[in-house]
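K.L.:
compute the structure for the input listed below.
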Amino acid sequence: MSKDLGELPIAPEEGFAHECRIRDLYARRLPEFRPGEMLIKTEHTYAGSRVRADMRTLSSDGVIRIWEFKITASYAGLGQALTYLAVARQREGFERTFRGVLAAFDFQSEVRTAVEVLNLGIELVELPAKFRLAGRVPQINSHASIPTIPHLSDLLPRHIKES
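P.N.:
From the prediction side, this is the model:
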């Protein structure tokens, strides 16, 4: 049975702490990964709303990016990114250019498909694997060896197999 990438062995409350540490490291190193983009704020909230985007950045061409950080980007992460993007556009009266960003180590394939096919305006950013150390996130071993289970006939003595 294959393991769904959205089912990591991390409790939700622990996952949030991991994501915050990873976001903070990315924010500190933003110029290294996104030259020409500057950090506006982490933990951006909107008055009168419980919506809280992980990070906001501003590019040199005036585009404001609304970031959501996940260990593994699933449908829930995509929904959050879309919600934050919609709230930002609405609050600013649709006068500024906003882009949503979903940043993660891994993405469910259906999330990538949805973003591309539906033209959702969400940028997918794959986080560097070394950032797992900052968030104390376990490495997903996608090349796990699977044991070979012998057939019952292979276990039988030769003289029984031949009869």
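K.L.:
tell me what the helix or strand that contains Glu110 is packed against?
P.N.:
Taking DSSP states H and E as the definition, Glu110 sits inside helix 109-117. Helix 109-117 makes packing contacts with helix 75-91, strand 122-126 when contacts are defined by 3 or more CB pairs under 8 Å, 6 or more residues apart in numbering; DSSP states H and E. All C-beta atoms are positioned from the backbone trio N, CA, C, and that covers glycine.
K.L.:
quick one: it to strand 122-126, angle?
P.N.:
140 degrees (axes from the mean of the first three to the mean of the last three CA atoms, to 10 degrees).
K.L.:
so which of the helices and strands packed on helix 109-117 gets nearest Ala27?
P.N.:
Between Ala27 and these, the shortest separation by CB to CB is 12.9 Å, and it involves strand 122-126.
K.L.:
residues in contact with the spatially most central residue of the chain?
P.N.:
With distances taken as CA atoms, centre = their mean, the residue of the chain nearest its centroid is Ala104 (2.6 Å). Applying CB atoms under 8 Å, 6 or more residues apart in numbering, one finds that Ala104 lies in contact with 69-73, 77, 124-127.
K.L.:
let's see 7 Å
P.N.:
70-73, 77, 127 (CB atoms under 7 Å, 6 or more residues apart in numbering).
K.L.:
next up, phi/psi of it, please.
P.N.:
Dihedral pair for Ala104: phi -160, psi 170, per degrees, to the nearest 10.
K.L.:
could you shift the numbering so residue one becomes 505, and keep it that way?
P.N.:
All right, first residue 505 from here; so that's Ala608.
K.L.:
let me see the ranges of the helices in this protein.
P.N.:
516-532, 534-537, 579-595, 613-621, 635-639, 656-659, 662-665 (DSSP state H).
K.L.:
least reliable of these by average pLDDT, please.
P.N.:
Ranked by mean pLDDT, the helices of the chain end with helix 656-659 at the bottom, a mean of 61.
K.L.:
if we can go back for a sec, closest to Leu562 among the contacts of Ala608?
P.N.:
Proximity of the contacts of Ala608 to Leu562, judged by CB to CB, is greatest for Leu631, which lies at 20.4 Å.
K.L.:
before we move on, back to that, any chance of the helices of the chain in TSV, plus distance to Thr546?
P.N.:
Converted to TSV, the helices of the chain look like this (distance: least, CB to CB, whole Å):
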stretch	distance to Thr546
helix 516-532	5
helix 534-537	10
helix 579-595	13
helix 613-621	23
helix 635-639	14
helix 656-659	58
helix 662-665	67
